[in-house]
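K.L.:
Here's my sequence, what's the structure:
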Amino acid sequence: MEAEKSIQAWLKKSKEDFETASDLLKSGRYTWCAFVSQQAIEKYLKAAYVKTYSKIPPYTHSLLRLCKELELILPEKVLESLTLVDKYYLAARYPTYKESVNISSKSEAQVFFKKAKECLEWLQKKLDV
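P.N.:
Below is the predicted model of the structure:
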């Protein structure tokens, strides 16, 4: 039962984060939209980890590491998108990285958000948490 409680908590936060990312996109906070999108996917993967292994997920923010821990075989398109999304954990949190991955245009942010959404949807179908 404790694992189920943890899974539901991770899923709730993932959903909230993705809704927040959508709001940030609408408000023009593009780099933060990217960061929160990364967080939404990370939390979904951590829910999947708890469901799969019935234990606390690894202390990491790396989407790719979490996918590896879950032994996921990622299609090339999903791998490329997750690699892109993964960069934004550092970008929003550390100023030295922020300049190199700053999203300044709405169109660029929309493309990013679409890729993040497609990744999350693929993971949801694949993992069925």
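K.L.:
Can you give the contact residues for stretch 110-124?
P.N.:
By CB atoms under 8 Å, 6 or more residues apart in numbering, the residues outside stretch 110-124 that reach it are 14, 18, 21-22, 25, 30, 33-34, 37-38, 40-41, 44-45, 48, 72, 75, 78, 81-82, 84-85, 103. Using the backbone N, CA and C atoms, a C-beta is placed for each residue, glycine as well.
K.L.:
All the helices of this protein, in order from the start?
P.N.:
Along the chain, counting by DSSP state H, helices occupy 2-27, 30-53, 63-69, 76-93, 95-98, 106-127.
K.L.:
Output the ones you listed as TSV; include the columns mean pLDDT and mean neighbour count.
P.N.:
Shown next, in TSV, are these (pLDDT from 0 to 100; neighbours: other CB atoms under 10 Å):
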stretch	mean pLDDT	mean neighbour count
helix 2-27	96	16
helix 30-53	95	23
helix 63-69	96	18
helix 76-93	84	18
helix 95-98	59	12
helix 106-127	94	17
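K.L.:
pretty sure residue 51 contacts residue 5?
P.N.:
No - Residue 51 lies out of contact with residue 5 (CB atoms under 8 Å); the separation is 11.9 Å.
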